[in-house]
Structures are given as C-alpha cells and as structure tokens.
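In: For reference, the sequence and a predicted model appear below.
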Amino acid sequence: MSRIWDALKQAERQRSRATSRGSDESDRRADLRHPHSATLLVYGLDVEKQPFHEETETLDANDEGCLLALETVVVCGQRLFLTNMRTQAELECRVVHVGQRIKDRTRVGVAFASPAPHFWRPQ
C-alpha cells in the first residue's frame, strides 16, 4: 500500500511543479521542429492593441508551427497572422511560448490551428 501511496504523492508533486511553472500539456509540440529558414511577414495587434507588422525569419519549424524572433512584444494566447514571403501562403496562428528577450528580440513559439504542411512548400 505504501508504494502506491508514494507513487501517487510523487505524481502529485510533479503535476504541482509543472503547474507552478506555467506548463500546459496542451501547448506541447506533437512533432519535433527542424531547422528551417523562411522569411515571414508577421502581423496582428501588439499588447497595446495597436496594429503591427514585422518581417522576420523562422529559427525552426514543422507542419504545426514554428519558432521565430520578434521585436514586437506579444503574449501567450495572442493571435497572429503569418505570410510566407516565398510561397505567399497566409495562415493564422496562436502564440504558445514567449521566451526571454535578448537584444531587442524575443523568441516566440507559435502553433497553427491545424497542421499546414503546404505553408512551407509551394503547392
């Protein structure tokens, strides 16, 4: 009985630690991202609800989202729109990760509403 009790307590502690760090399993990537460089035009509303657009490059990507560096301050849950400058494909996404700000840029992870393999490649 004590092994079961200990296992339950350990699981509860791990869940508590994940929650206190702000981790949300729904924001975890289902697939690994791979180094992928694409020029994107990112646009939306900034944290002050003012329209912005910014050109940037992806740091890595997959069919479900990408990591990029932005000068504009964004927050988790925020909706953004991306245009792939090579393919002219447009896609709505959601900010799922905001990293540390370094040299006027922040690493931002975004997720697409559904997998979009054609966003990165011409159809």
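Out: Cool, got the structure.

In: Poorly predicted segments of the chain, please.
Out: Residue ranges of the chain with pLDDT under 70: 1-9, 11, 14-36, 122-123.

In: Okay, strands next: where are they in it?
Out: If DSSP state E is used as the criterion, the strands of the chain fall at 34-35, 39-45, 51-62, 65-70, 79-84, 90-102, 105-112.

In: just checking, what packs against the last one?
Out: Packing contacts for strand 105-112, counted by 3 or more Cβ pairs under 8 Å, 6 or more residues apart in numbering; DSSP states H and E, involve strand 65-70, strand 90-102. (Each C-beta comes from the backbone N, C-alpha and C, glycine too.)

In: who touches that strand?
Out: The contact list for strand 105-112 (Cβ atoms under 8 Å, 6 or more residues apart in numbering) reads 27, 29, 59, 63-71, 73-74, 80, 82, 91-100, 119.

In: Would you mind finding the most buried of the strands of the chain?
Out: strand 65-70 (a mean of 22; mean count of other Cβ atoms under 10 Å).

In: That one: partners in the sheet, and parallel or antiparallel?
Out: The strands beside strand 65-70 in its sheet (DSSP bridges) come out as strand 51-62 (antiparallel), strand 105-112 (antiparallel).

In: circling back to that earlier point, which among the strands of the chain is found nearest to residue 10?
Out: strand 90-102 (26.9 Å; Cβ to Cβ).

In: Report the inter-axis angle for the closest one versus strand 65-70.
Out: In terms of direction (axes from the mean of the first three to the mean of the last three Cα atoms, to 10 degrees), strand 90-102 departs from strand 65-70 by 50 degrees.

In: Can you check what angle separates strand 90-102 from strand 39-45?
Out: Interaxial angle of strand 90-102 relative to strand 39-45 (the same axes, to 10 degrees): 90 degrees.

In: Show me what strand 90-102 is packed up against.
Out: Looks like strand 90-102 contacts strand 65-70, strand 79-84, strand 105-112 (3+ Cβ pairs under 8 Å, 6+ apart).

In: Neighbouring strands - and their directions - for it?
Out: Strand 90-102 has these strand partners (DSSP bridges): strand 79-84 (antiparallel), strand 105-112 (antiparallel).
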